[in-house]
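Enquirer: build me a model:
(2 chains)
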Amino acid sequence: MTLDSRFAPGDVEPRLYTGWESAGSFACDPDSNAPPFTIMIPPPNVTGSLHMGHALTFTLQDTLVRWRRMQGRDALWQPGTDHAGIATQMVVERLLAAEGKDRREMGREAFLERVWQWKAESGGTITTQLRRLGASLDWPRERFTMDDGLSAAVKETFVTLYNQGLIYRDRRLVNWDPKLQTAISDLEVENREIKGSLWYLRYPIEGEPGQFIIVATTRPETMLGDTAVAVHPDHPVYGALIGKRAILPLVGRSIPIVADTYADPEKGTGAVKITPAHDFNDFEVGRRHDLPMPSVLDRQANITLEEIEDVLATGPDTAFVRSLAGQSRFAARSAIVAELERLELLEKIEPHVNQVPHGDRGGVPVEPFLTTQWYCNAGVLAKPAIEAVETGRTVFVPKQWENTFFAWMRDIQPWCISRQLWWGHRIPAWYGPDGSVFVAKDAADAAVQARAAYGRDEELVQDEDVLDTWFSSALWPFSTLGWPEQTKEVERYYPGDVLVTGFDIIFFWVARMMMMGLHMMGDVPFRTVYIHGLVRDEKGQKMSKSRGNVIDPLELIDSFGADALRFTICSLTGPGRDVKLGASRVQDYRGFVTKLWNAARFCEMNGMQPDPAFDPAGAKLPLSRWLLDTANTAVADATAALEVYRFDEYAAAGYRFVWNNFCDWFLELAKPLLAEGADPADAAEIRAVGAHVLGLILRLLHPSIPFVTEELWDRFGYGEPCSLIGAAWPDAVPVTDAAEARSELDWVIRLIGEVRSVRAEMNVPPSKPSPVLLRDARADVLGRVDRWIEAIRRLARASDVQVLTGDVPKGSAQAVLDETTIVLPLEGLIDIAVERTRLAKDRDKLVVDAKKMRQKLDNPEFVSRAKEEVVAENRERLASFEAEIARLQAALDRLE
RNA sequence: GGGCGGUUAGCUCAGCGGUAGAGCGUCUCGUUUACACCGAGAGGGCCGGCGGUUCGAAUCCGUCACCGCCCA
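Expert: Numbering: from 1, shown residues only, chains lettered A, B, ... in the order given. All right, here's what the predicted structure looks like:
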């Protein structure tokens, strides 16, 4: 063997990953008797490449999967990608544009062929990158949201929900993205604060020359489509105008002045213009008052006059209005404001900050647009999902996210599921010549339905639109398992155990999977939803291309190794916190990987080799038993942390055990026992225990740092190559007299610590060893001194350790350890004044503590009301403080 | 406007009724059977402000301030 002096992740990672993958180590086994453990990957967009958010979520998932797999669960981590309708279509359209082509010229079929071709060439980027991270996904089961099986699931669901009346067509306002020219759902709209203006417009009162009603608006360009003015019924001034009519400027339409509580008397003038076709609130007002709803913007949000032609035809002077036709909404706004000002119909302009809805993909302001779209009745589907979370059938971790989930679900709006795109699941609906709709899984089914309806064959045309990408994502937890076929996998792996994802897609995805899972499968899709934070840069800023602070996880992997990145992520992932991450943090945690590597090298150099015959329960040496006992604690801590998704505590438990217990003390204290001339039986036991615990460490840490642990496992021969991934998660081992071993090692560690501390404070150079004398030592301490003499010499720079029988030599430094006073005769090396100050400082600190303690115990309220054990504990502590003060004082007195 | 989260050592964060902690950084010292991506030691905190509950509050309650998200 002989390990290299440095761990070389770049060489090791690809080799081990290939080894695992080709051995089928990531595969679940539907025929096994082991209890299943299922995690569904949040399918990344097929257009995606690995970013830090992926690195975070997939590291956590892989850690959980590897851990459960080692615990003997039949783990399924289901991979796949999402067809990402808009994103993918945009990518391919951009490619086409570079070739001077346009999808509309190509036609639907040719375009889709091109997208599939793109997918075949470039769609695998992210899955390749996930391998670099070490993600142990069950690759042969990889799915794509538009593959045949998943498409069948989509059709099945659509048809079922349609037949149940839960999917329907409706003509109402939708959020329209004029750039992408498609409807989008409420969730795809983000409000941005825009500094704009509030324009006050004068609308003349019909039949009362010189009288006006003044309306305030943020969108003057839509006034062409106004069909009323609304005022609050109790409005002090305008209330009197209710029932009268106003003349819409420029257009000349006569519009009613209606009473509606929507008009807020506190806002603007208390009168608002009503444009039912271009504002969600106005649409409702329009419905209440039965107003006409002419659209004056087209699909590209340019002015169109088609629907107000009837009014314009009779109008007096419409040249200006006609000049607006085809202009953009922004140009029209300026023109209309200028014209109104010219006509002295502009009262005033106030600066105004308003929330302008933008499409999250297209990035331009969306327009409310009156069209017919397909909707899903989310209100009905939400109820069982809400109940499932209320009753704990699905639990969110951290729990506070349940509130977010409830808030959205209890006020859920109809979900617009149709999109005017080409790339996606085409809506399985066909129209007859008279517009009748036939919803079916395929054209043949639709034809059968049509024949029954018409009594003859009629030509049917399929709906041009596709479904919202999230519709297929909502089915992911069961569609990937083969549903609607009743497969073994559906039977065995649904519902999943845990969904791991970010809070940003609770509404988009988690809520919808809950709704669809409960409705179509009759059960929740997962028992637990673990919500993690966002990855931010080192300063806590969100990573974005525009800020230029994006960190590429692949570069971090290249520089520091996948293990370092993964361990950093685990360490920084506390509950409900964002993860602030920069290269320097990863570099820091690489130190841990290196430390582990070097500890293993030391083990190797000292002949620690795995021995399957070794039984740790038979270990005799206190050092062995202490290490095994401490390892038990580490395993218990790590396991408990993973059970509750405390990745930070899991990482910390491993870090502490490896660095602070195994390296700092076990290996150091083992050195004398392994040295030449030491007892061969003792040395043999230490080697065996060391090898045993190193193997335990590798198993304990494998879920978060799989590569370095597997490499060491293989090199030491703990098992066959690439077998650590399948090794058993460590259990506690019985340790004889653990408490006694703990007490002894605790004493040795504190003794060495005290001596080191005194020497450092007294500036004694390490090159000058000193005798260590023990005064007032108990009998059992003498045995310890005997057993640990070599270690103390080595680690405390002691020339010798002896019991002090006579007086304390002149010029000694002293320290107190339990009932023992440690004496370091350092005449000439230390300054007595400094030593006096040091001892006095230690004493005074204890005096302050003891005083606080005494005050507490002197308080009758405390003694009578506090828990008995707390009182007892305080009494003991006070006693030990007082004893130590006395010893420090005695030490001080001896200095005189 | 409503809701959620945060405010603890220079930085990043644990702790969430009973002696204020870790990692990193800082300072001092140091190459000794692995590791300078190392070892030893030290310093560093009115636990955001103000009230309250309690024998006891970083921890529970109220309130305010600031920061960050989400929804209107």
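Enquirer: just the buried residues of the longest strand along chain A, please?
Expert: As assigned by DSSP state E, the longest strand anywhere in chain A is strand A:189-204. Neighbour-count burial for strand A:189-204, counted by 16 or more other CB atoms under 10 Å, picks out A:Ser197, A:Leu198, A:Trp199, A:Tyr200, A:Leu201, A:Arg202, A:Tyr203, A:Pro204. C-beta coordinates here come from the backbone N, C-alpha and C atoms, glycine included.
Enquirer: what of stretch A:392-399?
Expert: Buried residues in stretch A:392-399, counted by 16+ other CB under 10 Å: A:Arg393, A:Thr394, A:Val395, A:Phe396, A:Val397.
Enquirer: what do you get for stretch A:13-29?
Expert: If you call a residue buried by 16+ other CB under 10 Å, then stretch A:13-29 has these buried ones: A:Glu13, A:Leu16, A:Tyr17, A:Gly19, A:Trp20, A:Glu21, A:Ser25, A:Phe26, A:Ala27, A:Cys28.
Enquirer: and which of the buried residues of strand A:189-204 is nearest RNA strand B?
Expert: Of all the buried residues of strand A:189-204, A:Leu198 has the smallest distance to RNA strand B: 16.0 Å, by CB to the nearest atom of the strand.
Enquirer: how about the nearest residue to that closest one, chain neighbours excluded?
Expert: Residue nearest to A:Leu198 in three dimensions, not counting chain neighbours: A:His352, with 4.0 Å by CB to CB, 6 or more residues apart in numbering.
Enquirer: which residues touch that neighbour?
Expert: The contact partners of A:His352, taken as CB atoms under 8 Å, 6 or more residues apart in numbering, are A:Lys195, A:Gly196, A:Ser197, A:Leu198, A:Thr218.
Enquirer: now, among those residues, which is nearest to A:Tyr718?
Expert: Using CB to CB, A:Lys195 comes nearest to A:Tyr718 of the contacts of A:His352, at 65.1 Å.
Enquirer: quick one: the closest one and A:Glu350 touch, right?
Expert: No. Between A:Lys195 and A:Glu350 there is no contact under CB atoms under 8 Å: 11.8 Å.
Enquirer: who in the stretch 151-300 of chain A is up against RNA strand B?
Expert: A:Asp186, A:Leu187, A:Glu190, A:Asn191 (CB under 7 Å from any atom of the strand).
Enquirer: in TSV: the residues you listed, plus pLDDT.
Expert: Putting these into TSV (pLDDT from 0 to 100) gives the following:
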residue	pLDDT
A:Asp186	84
A:Leu187	84
A:Glu190	88
A:Asn191	85
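Enquirer: how about the residue most central in space within chain A, phi and psi?
Expert: By CA atoms, centre = their mean, chain A has its centre lying nearest to A:His532, at 2.8 Å. The phi/psi pair for A:His532 (degrees, to the nearest 10) reads phi -100, psi 170.
Enquirer: what of A:Val490?
Expert: Dihedral angles (degrees, to the nearest 10) for A:Val490: phi -60, psi -40.
Enquirer: surely it touches A:Gly482?
Expert: Yes. A:Val490 lies in contact with A:Gly482 (CB under 8 Å); the separation is 5.7 Å.
Enquirer: just the C-alphas of the lowest-mean-pLDDT helix or strand in chain A, formatted as PDB.
Expert: Of all helical and strand segments in chain A, the minimum by mean pLDDT, DSSP states H and E falls on helix A:309-314, at a mean of 79. In PDB, the C-alpha atoms belonging to helix A:309-314 read as follows (Å, rounded to 0.1, in the frame of the first residue of the first chain):
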ATOM      1  CA  GLU A 309     -64.400  50.300 -33.800                       C
ATOM      2  CA  ASP A 310     -68.100  50.600 -33.200                       C
ATOM      3  CA  VAL A 311     -67.600  53.600 -30.900                       C
ATOM      4  CA  LEU A 312     -64.900  55.200 -33.100                       C
ATOM      5  CA  ALA A 313     -67.100  54.900 -36.200                       C
ATOM      6  CA  THR A 314     -69.600  57.300 -34.600                       C
END
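Enquirer: quick one: the strands in the stretch 1-150 of chain A, in order.
Expert: All strands of the stretch 1-150 of chain A, identified by DSSP state E, counting those that start in this stretch, fall at A:36-40, A:74-78, A:80-81, A:143-144.
Enquirer: could those strands be laid out in a markdown table, adding mean neighbour count?
Expert: Conversion of the strands of the stretch 1-150 of chain A to a markdown table gives the following (neighbours: other CB atoms under 10 Å):
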| stretch | mean neighbour count |
| --- | --- |
| strand A:36-40 | 24 |
| strand A:74-78 | 24 |
| strand A:80-81 | 23 |
| strand A:143-144 | 20 |
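Enquirer: A:Asp893: which of these is closest?
Expert: Judging the strands of the stretch 1-150 of chain A by CB to CB, what sits closest to A:Asp893 is strand A:36-40, at 65.8 Å.
Enquirer: and the closest one, what does it pack onto?
Expert: Where contact means 3 or more CB pairs under 8 Å, 6 or more residues apart in numbering; DSSP states H and E, strand A:36-40 is packed against helix A:52-70, strand A:74-78, helix A:488-493, strand A:496-502.
Enquirer: dump that strand to PDB, keeping only the CA atoms.
Expert: Extracted in PDB, the C-alpha atoms of strand A:36-40 (Å, rounded to 0.1, in the frame of the first residue of the first chain):
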ATOM      1  CA  PRO A  36     -37.400   0.900   1.100                       C
ATOM      2  CA  PHE A  37     -36.100   4.500   1.400                       C
ATOM      3  CA  THR A  38     -37.200   6.800  -1.400                       C
ATOM      4  CA  ILE A  39     -36.100  10.200  -2.500                       C
ATOM      5  CA  MET A  40     -37.300  11.800  -5.700                       C
END
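Enquirer: strand partners (parallel or antiparallel) of that strand?
Expert: strand A:74-78 (parallel) (DSSP bridges).
Enquirer: so what's the gap between the partner strand and the chain middle?
Expert: 20 Å (CA atoms, centre = their mean, to the nearest Å).
Enquirer: could you do stretch A:783-796 as well?
Expert: Centroid separation between stretch A:783-796 and its chain, computed with CA atoms, centre = their mean, is 49 Å.
Enquirer: so for that stretch, what gets flagged as buried?
Expert: If you call a residue buried by 16+ other CB under 10 Å, then stretch A:783-796 has these buried ones: A:Arg784, A:Val785, A:Trp788, A:Ile789, A:Glu790, A:Ala791, A:Ile792, A:Arg793, A:Arg794, A:Leu795, A:Ala796.
Enquirer: before we move on, what about stretch A:87-99?
Expert: By 16+ other CB under 10 Å, the buried positions in stretch A:87-99 come out as A:Ala87, A:Thr88, A:Gln89, A:Met90, A:Val91, A:Val92, A:Glu93, A:Leu96.
Enquirer: contacts for it?
Expert: Residues outside stretch A:87-99 that contact it (CB under 8 Å, 6+ apart): A:45-47, A:102-103, A:106, A:111, A:114-115, A:118-119, A:180, A:361, A:421-423.
Enquirer: and if we set it to 7 Å?
Expert: Identification of contacts with stretch A:87-99 by CB atoms under 7 Å, 6 or more residues apart in numbering yields A:Asn45, A:Val46, A:Thr47, A:Asp102, A:Arg103, A:Arg114, A:Val115, A:Trp118, A:Arg361, A:Leu421, A:Trp422, A:Trp423.
Enquirer: what of stretch A:645-658?
Expert: By CB under 7 Å, 6+ apart, the residues outside stretch A:645-658 that reach it are A:60, A:63, A:397, A:530, A:567, A:570-575, A:592, A:595-596, A:599, A:630-631, A:634, A:637-638, A:641-642, A:697, A:700-701, A:704.
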